[in-house]
Every structure is written in C-alpha cells, then in structure tokens.
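J.: Sequence and predicted structure, then a few things I'm wondering about:
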Amino acid sequence: MSVVVPLILAGLLLLLMRRFILRRRRMLRGLPVSGPWHVPAWLRRRRRR
C-alpha cells in the first residue's frame, strides 16, 4: 500500500508534464490550443527565435 501512492503520484505528474510539453510545442508552432490555460500573445512572440 505504501508503494502504490507514490507510483500513482508519479504517473499523474508524468501525464501532466507530457500534456504541458505537447501544449507548449503546439503554441510555439502557432497551432491552435484549446483549454483553460492561455499564454498571452506578447509572451508567445517573445519566446520565438
């Protein structure tokens, strides 16, 4: 039982990180991103190289 809780938390963390990374890649490419989190346009332009 004590091993299951950290494994579940690690799995959730991996899922959230994966979603965040994929979302960021789509924003950097200029593709539409749906969801509650929105990065302002001025911040997106600043991140491009």
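T.: Ah, there it is. Numbers count the residues shown, from 1 in each chain.
J.: What is the helix or strand containing I21 packed up against?
T.: In this structure, I21 sits in helix 4-29 according to DSSP states H and E. Counting contacts by 3 or more Cβ pairs under 8 Å, 6 or more residues apart in numbering; DSSP states H and E, helix 4-29 packs against helix 41-47. Placement of C-beta: from N, CA and C, glycine included.
J.: Report the mean per-residue pLDDT for the helix it packs on.
T.: In this model, helix 41-47 has a mean pLDDT of 62.
J.: Give me the neighbour count for L28.
T.: 13 (other Cβ atoms under 10 Å).
J.: can you tell me how far the spatially closest residue to P32 that is not a sequence neighbour sits from S34?
T.: Spatial nearest neighbour of P32, excluding adjacent residues (Cβ to Cβ, 6 or more residues apart in numbering): R26 at 7.6 Å. Distance, R26 to S34, by Cβ to Cβ, to the nearest Å: 10 Å.
J.: More neighbours: those two, which one.
T.: More crowded of R26 and S34, by other Cβ under 10 Å: R26, with 13 against 8.
J.: what touches both of R26 and S34?
T.: Contact criterion Cβ atoms under 8 Å, 6 or more residues apart in numbering; residues shared by R26 and S34: none found.
J.: So, low pLDDT: which residues of the protein?
T.: 1, 35-49 (pLDDT under 70).
J.: Apply 90 and report the result again.
T.: Low-confidence segments of the chain (pLDDT under 90): 1-2, 16, 19-49.
J.: Compute the distance between M17 and R29, please.
T.: Taking Cβ to Cβ, one finds M17 at 19 Å from R29.
J.: Then L22?
T.: L22 is 11 Å from R29, by Cβ to Cβ.
J.: can you list residues touching both of those two?
T.: By Cβ under 8 Å, 6+ apart, L22 and R29 have no common neighbours.
J.: picking that back up, for the helix holding I21, which residues meet the burial criterion?
T.: The neighbour-count check on helix 4-29 (16 or more other Cβ atoms under 10 Å) flags 23, 27 as buried.
J.: So that it lines up with my notes, have the first residue be 33 from now on.
T.: I'll keep to 33 as the first residue from here, and by that count the last item is helix 36-61.
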